[in-house]
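output the structure for:
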Amino acid sequence: MKRNWMKLATVAALAAGIALAQAPVTNPETQPTHRQGAARGNARRHMFQALNLTDVQKQQARSIFAEARKSTAPLRQQLQQNRQAYRAAVKSNDQGQIATLSKSSGELRGQLKAARTQTMAQFFQILTPEQRAKAEKMQVRMQQRSGHHAHRSNVG
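This is a model prediction of the structure:
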């Protein structure tokens, strides 16, 4: 049972990456394109369709993900500021600042991953056992695809 929950948590983390959109950015260089935003929306709709969510479940999921986006906005903003400071530190070859920002980035990413995983745990609570089983199968397929791509990129 614990193994199943670990698999579900992994699916949760993967789906959270799809489901949670980044906060709007003021820098046009880093702002997501319309195509990227549409891709995230399409991925979420695909997940909802694949799991055959009811209208009530869809509304609950949207609410869960919207609240997560709202609550993680400060973390995403901090990460963006961290990336900007990191780029400046690299350009100025400030080794101490690079080390500090790297540590900070890791901590922020860990907090964001925890929040996303908690969000997906909430999402999985609204699924039926059949939907959870289907989500697990989706997760296995995603792992196989990502493993295949990782292998190809390491070979060449």
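
distance-wise, check residue 66 relative to residue 122.
12 Å (Cβ to Cβ, to the nearest Å). C-beta coordinates here come from the backbone N, C-alpha and C atoms, glycine included.

the two: which is more packed in?
residue 122 (17 against 13; other Cβ atoms under 10 Å).

show me what contacts that one?
residue 64 (Cβ atoms under 8 Å, 6 or more residues apart in numbering).

what pLDDT is listed against it?
At residue 122, the model reports a pLDDT of 94.

can you name the next helix or strand after the helix or strand hosting it?
Counting by DSSP states H and E, the element that carries residue 122 is helix 95-125. Next in sequence after helix 95-125, counting helices and strands by DSSP H and E, comes helix 129-155.

which other helices and strands does that next one contact?
Under the contact definition 3 or more Cβ pairs under 8 Å, 6 or more residues apart in numbering; DSSP states H and E, helix 129-155 sits against helix 2-19, helix 34-50.

weakest of those in terms of mean pLDDT?
Per-stretch mean pLDDT for the helices and strands packed on helix 129-155 is lowest at helix 2-19 (a mean of 52).
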